[in-house]
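Undergrad: here is my input; please provide its structure:
(2 chains)
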Amino acid sequence: MIAALRDFTDRVFGRGSAAITVPPFDGALKPNQMLEGAEVVAEFAQPNDLASHGDDLYIADGVAVLRHAAGAMQVVAHFDREVTALCALPDGRLAVALDGREVRVFSAANGPADTDVVISSGNMTAVNALAAASSGSLLATDGSASYPTSQWAHDLMSHGRSGRVLSIDLASKQVQVLASGLRYAFGVAASRDGAIVSESWRHRLLMIGTKGAGRSPLDNLPVYPSRLCPAAGGGFWLTAFTGRTQLVEFVLRENAYRRRMMQEIDPEFWVAPRLNSGNSFREPMQGAHLKTMGVVKPWAPPRSYGLVIRLSPDCVPRYSLHSRVDGHNHGVVAAAEVGGALYVLAKGAGRLLRLPLKDIEAEFGT
Amino acid sequence: MQETIVRLKARYWPDHLLGEILSKRWTETAIPVIVLILVAFALSGMIDNFFTPAALSDTARQAGEVGFVVLGMALVVIVGGIDLSVGSMFALCDFCALYCLNILNWPVPAVVVATIVCGALLGAVNGFLIGYLRLRAFITTLITLIIYRSAYDLLLFGNSVKIASAMPDFPSWDFLGMGAVFGIPSVALVYLVIAVFGHIFMTRMRPGWHITAIGGSRRSAYNSGIAVRRTIALCYVASGALTAIGALFFAARLGTVGGDVGIGLEVTVLTATVLGGITLGGGNGSVAKALAGTLIVLLVTNGLTTLGVRGGFNRMVLASILLVAAIVDIRWLKNRTRIISKVYVSPTYHFLPPPPSTEVGKGGPFEQNDKLRDVTLIGEGRIEAPEDVILDRHDNLYAGSRHGDIIRFLAPDYQTMEVYAHIGGQPLGMAFDRQDNLYCCIGGMGLYRITPDRKIEKATDETNRSLYSVNDDSRLRLADDLDIADDGRIFFSEATVRYEMHEWPVDGLEARGNGRIICYDPNKGTTHTVLRGLKFPNGICIASDGQSILFAETFGCSIKRYWFDGPSKGKVEVVMDNLPGYPDNINLASDGNYWLALVGMRSPALDLAWRMPGFRKRMGKRLPIDEWLFPNINTGCVVKFNEKGEILESFWDLKGVNHPMITSMREHRGHLYLGGISNNRIGRYKLANADPDFVQYDRRWGKQS
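TA: This is a model prediction of the structure:
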């Protein structure tokens, strides 16, 4: 009764849960243009994920898995469905998620074969990230039970809370649910005693143990976090596929407008975060987006954004690489460290970016 | 169904009036007046004969006496002080009047003068201490309260019997006390005269404004050159004199000097002042408020006395009222602007059908192309915010800038740039008249004229005030674009009457018909409004018949025609509606058709928001303006249309790198010149198949065939 009353007054006055404040990019998240200035290695039509064994780099692009070596791209595998997640296993094999519904493990050297391990049980709908766990099993995040991976914005705008973290035993093909009811799980990394997972719509990381979801080592982010990748010096690279804005937070709380928008408007033109923006004048424009004297303000509210955060082993942000609102390398979904360089996949721009680690270290003095 | 309710409510419920009414200063007086009426009704219900002429006349007498003191107190409070010594001064003046009359046997006029001088002197002591020596008003008047009261007691000791035993018989003295003209007590009449003078003094005269200014901010008043110390001192003198007048009538009515005369008067008077809405702390108050407060207090005290409430309770009630009034006053003062800003913006229902297609490959008149990609640029990085551009017959280019200048680029290469005229406000639409005067709409200022020898003249900055508008809409806030009829009359648009120029996004949030079209007649020097209730009217162009104008409604996404002469005079007709973008300036093309700039394009998210006023209202409250959903004015295009409302051609720049925004265009000798209010450049585009000799206003005035 009191909680209902408080909810009501919160909504009237815009306080508490109805507050639409978004934290600023501050401290370790202080903006720079490192990502925007990064070298473009290659461009792809539908890139989805990166993976590496340590000295090679694999890219999931559309239905194909490519290998990037010595400046050349080489097709490793072709599938009949889109590859939505990619992961390199310690034994040299690769794991992929196909259309978010099936997980398949195959040999990187020989390509897919009939003898591959195929797991399609466990009601998987939107598997968007895979990671090898220390125990030899595979960790996976299933973003939503209602929408496929491509419709992640639908899940956000319909207040989705059906994300799951799965543990897949490759030997027995058993799928175990480690956590469920997450507000879009997108990205997982193995940690000492379980897994670290990105819960995108809650803007936080979550520790997952054997007993389910635990504490949150990093929360209240100004962005929607996505995949995690281990960094060579300990810790992780956390990518963020887009930034939060007060307008989106506001629309999320305006149910009548939100419903009508989802019914009547093409998703491309929703008031919702996107992987890239500025493609059409029919996209919603916010006040600060007004081009003044020929310039778009980089601090305007981001409809799309590019961000990679370097986390310490206990998930404290140390520094970050940005492509700001006036930039192009937006929609960052994956990162991988290969051969002394950080490779970043900006899905919004369809670009694979490369930043030498020594440049990053020089910039941030680490 | 739900949308119908929203639409009907937006149409018939005047939501926007609440904020307009609240932002009027007189609403602060309206609240005590409403309280007064409620109190009067309540008491008349409880007490018989509350409103008989005799009772009213008695109330009026008391009200007059206390009323003078309240006026004095109000003056002192407005100037930023307080006068606690009024009760003691009242007693001393009462004594002075009766002493002069009964013991010295002075004639009545001399007594009147002596009493007022006595009051003024007593007040002058306060005034000197507080005004010149800058003592604290509260402590100073508290001290004089005690000193004056002691003096009164000492004087009373020897003289009270003598005064009481004397029985002066002056008809004029009795008239002061008990007389009446047409049933109105003499004191009320005098009060009326002084109150009317006081009102004029406070609102229309320089010293009155000085008093309010000092109360509002003493330092600023001092910096503005107001004689702060003298003014403050004089306010206390006036307070003493007004108290003396009240005491004079009191003495004439009762003729007694008792020990309790004027005791507790300061509380009554202070209550009346605060209750009327005069802010303790200064800078805010009026005679009407003082009157309302006086009447409330008297009605309440008299009512309670009649009801048989004991004296102690009576005063407690009064003190409680004072407390409540002080709290309300302080909260209101603190939150007034916040409350107004919350309720002032009132979005309305605005429906636009789905727009025609603009996509490449879908066909239609608005199909995007890349014709404007290769515009050449003039003055890049040197000019800021050229909303409109115009060229004279010598090919010189004129454009406004946000620094308040009209900039001229000299032909033929447009490299030399000079300030043609400095006006001080943002120049918007421009046009040449028959005598080569350059008329220009200036945002926030009005309509201005620059003569060929570069003299700046104001044409007009106000129009007739609307009869039914709450806001005073006579001043021009956002004159926007203009054109000139054959007889010299100038028709210009004013985009909104509810907001200032830089607040145009708020007008877009409202999407209400706040704009109008105004006609200025330079021959007669008159200005009047011809059309109201338009949704951000913008571009204006005289149509080929010379009897009508074509005008654009930016947020209405339509072009309309209005006949100002001829058989259809007064009629408005839609030429084009449901445009895919927001129309801005309209100008004549060399082939007799019209150019139209679409300053921005519609987005489905905003179109939907325009149908949901509640959503927009909350957005306006919860989000900073930088986060609002805006009309997209980063991309636009130029179209050519004919008088039937058919689009003949469209010119786009898909990437908008070279020339991001287009608010206006002007054809001149085979080129199209483009202006944009948030640009730092002017675009120049070579037109194919255009008249290479076309000069718009030479063609317009018949100087060119």
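
Undergrad: what stretches of chain B score poorly on pLDDT?
TA: Residue ranges of chain B with pLDDT under 70: B:705.

Undergrad: tell me how it divides into domains.
TA: Domain assignment for chain B, taken from automatic domain parsing, gives B:2-342, B:371-461+B:473-700.

Undergrad: closest to A:His203 out of those?
TA: domain B:371-461+B:473-700 (17.4 Å; CB to CB). C-betas here are computed from N, CA, C, even on glycine.

Undergrad: and the end-to-end length of that closest one?
TA: Terminal residues of domain B:371-461+B:473-700 lie 28 Å apart, using CA to CA, to the nearest Å.

Undergrad: near chain A at all, that domain?
TA: Yes. Looking at domain B:371-461+B:473-700 against chain A by CB under 8 Å from any CB of the partner chain, the contacts come from B:384, B:505, B:600-606, B:608-609, B:612, B:614-615, B:618-619, B:621-635, B:656, B:660-661, B:678-681.

Undergrad: coming back round to it: need the winner for burial among the domains of chain B.
TA: Per-stretch averages of neighbours, counted by mean count of other CB atoms under 10 Å in any protein chain shown, single out domain B:371-461+B:473-700 among the domains of chain B, with a mean of 20.

Undergrad: A:Leu321: which element?
TA: Secondary structure assignment for A:Leu321, by DSSP states H and E: strand A:317-323.

Undergrad: what of A:Gln176?
TA: Judged by DSSP H and E, A:Gln176 forms part of strand A:174-182.

Undergrad: what's the average pLDDT for that strand?
TA: Regarding strand A:174-182, the rounded mean pLDDT is 92.

Undergrad: in its sheet, which strands sit next to that strand, and in what direction?
TA: As defined by DSSP bridges, the strand partners of strand A:174-182 come to strand A:163-169 (antiparallel).

Undergrad: C-alpha coordinates for the partner strand, PDB please?
TA: Output in PDB follows, covering the C-alpha atoms of strand A:163-169 (Å, rounded to 0.1, in the frame of the first residue of the first chain):
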ATOM      1  CA  GLY A 163      17.700 -12.400 -20.000                       C
ATOM      2  CA  ARG A 164      19.500 -15.600 -18.800                       C
ATOM      3  CA  VAL A 165      23.000 -16.700 -18.100                       C
ATOM      4  CA  LEU A 166      23.600 -20.300 -19.300                       C
ATOM      5  CA  SER A 167      26.300 -22.800 -18.600                       C
ATOM      6  CA  ILE A 168      26.700 -25.400 -21.300                       C
ATOM      7  CA  ASP A 169      28.500 -28.600 -20.700                       C
END
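
Undergrad: now find how far off-centre it is within its chain.
TA: Put simply, strand A:163-169 sits 17 Å off its chain's centre (CA atoms, centre = their mean, to the nearest Å).

Undergrad: stretch B:674-681 now?
TA: How far stretch B:674-681 lies from its chain's middle: 32 Å, per CA atoms, centre = their mean.

Undergrad: same check, this time on stretch A:20-28
TA: Offset of stretch A:20-28 from its chain centre (CA atoms, centre = their mean): 19 Å.

Undergrad: for stretch B:149-157, same thing?
TA: On the basis of CA atoms, centre = their mean, stretch B:149-157 sits 51 Å off its chain's mean C-alpha point.

Undergrad: okay, strands next: where are they in the stretch 551-700 of chain B?
TA: With DSSP state E, counting those that start in this stretch, the ranges of strands along the stretch 551-700 of chain B come out as B:558-563, B:572-576, B:581-588, B:594-601, B:629-630, B:637-641, B:647-652, B:664-668, B:671-675, B:682-686.

Undergrad: same for the last one, what does it pack against?
TA: Spelled out, it's strand B:682-686. For strand B:682-686, the elements it packs on are strand B:376-378, strand B:671-675, judged by 3 or more CB pairs under 8 Å, 6 or more residues apart in numbering or on different chains; DSSP states H and E.

Undergrad: neighbouring strands - and their directions - for that strand?
TA: If you go by DSSP bridges, strand B:682-686 pairs up with strand B:376-378 (antiparallel), strand B:671-675 (antiparallel).

Undergrad: one more: the fifth one?
TA: Partner strands and pairing direction for strand B:629-630 (DSSP bridges) are strand A:285-286 (antiparallel).

Undergrad: got the contact list for the partner strand?
TA: Contact with strand A:285-286 is made by A:245, A:247, A:300-301, A:303, B:603, B:606, B:626-634, as judged by CB atoms under 8 Å, 6 or more residues apart in numbering or on different chains.

Undergrad: where do the helices of the stretch 201-350 of chain A begin and end?
TA: Using DSSP state H, counting those that start in this stretch, the helices of the stretch 201-350 of chain A run over A:246-253, A:255-264.

Undergrad: looking at the ones you listed, which one is packed in the most?
TA: Highest mean neighbour count among those (mean count of other CB under 10 Å): helix A:246-253, with a mean of 22.

Undergrad: ok, and does that one reach over to chain B?
TA: Yes. For helix A:246-253 and chain B, the contact criterion (CB under 8 Å from any CB) is met by A:246-247, A:250.

Undergrad: hmm, B:Leu623 and A:Ile20 touching each other?
TA: Yes. Applying CB atoms under 8 Å as the test, A:Ile20 and B:Leu623 come out as touching, 7.2 Å apart.

Undergrad: which residues touch B:Tyr179?
TA: No Tyr there; residue B:179 is Gly. By CB under 8 Å, 6+ apart, the contact set of B:Gly179 is B:185-186.

Undergrad: those residues of the stretch 251-400 of chain B touching chain A, which are they?
TA: Within reach of chain A by CB under 8 Å from any CB, the stretch 251-400 of chain B has these residues: B:Glu384.

Undergrad: specify the local secondary structure of whichever residue of the stretch 251-400 of chain B sits closest to chain A.
TA: Nearest residue of the stretch 251-400 of chain B to chain A, counting by CB to the nearest CB: B:Glu384, 6.3 Å away. Secondary structure state of B:Glu384, per DSSP: H, G, I helix; E, B strand; the rest coil, is coil.

Undergrad: tell me the pLDDT of A:Arg244.
TA: What the model reports for A:Arg244 is a pLDDT of 94.

Undergrad: neighbours of it, how many?
TA: For A:Arg244, the count of nearby residues is 22 (other CB atoms under 10 Å in any protein chain shown).

Undergrad: excluding residues flanking it in the chain, which one is nearest it?
TA: A:Val22 (4.7 Å; CB to CB, 6 or more residues apart in numbering or on different chains).

Undergrad: now B:Phe128
TA: In space, and not counting its chain neighbours, B:Phe128 is closest to B:Ala233: 6.1 Å by CB to CB, 6+ apart.

Undergrad: so which elements touch the strand or helix carrying the one you found?
TA: Applying DSSP H and E as the criterion places B:Ala233 in helix B:228-254. Applying 3+ CB pairs under 8 Å, 6+ apart, one finds that helix B:228-254 makes contact with helix B:53-78, helix B:86-98, helix B:108-127, helix B:171-178, helix B:186-204, helix B:206-216, helix B:218-223.
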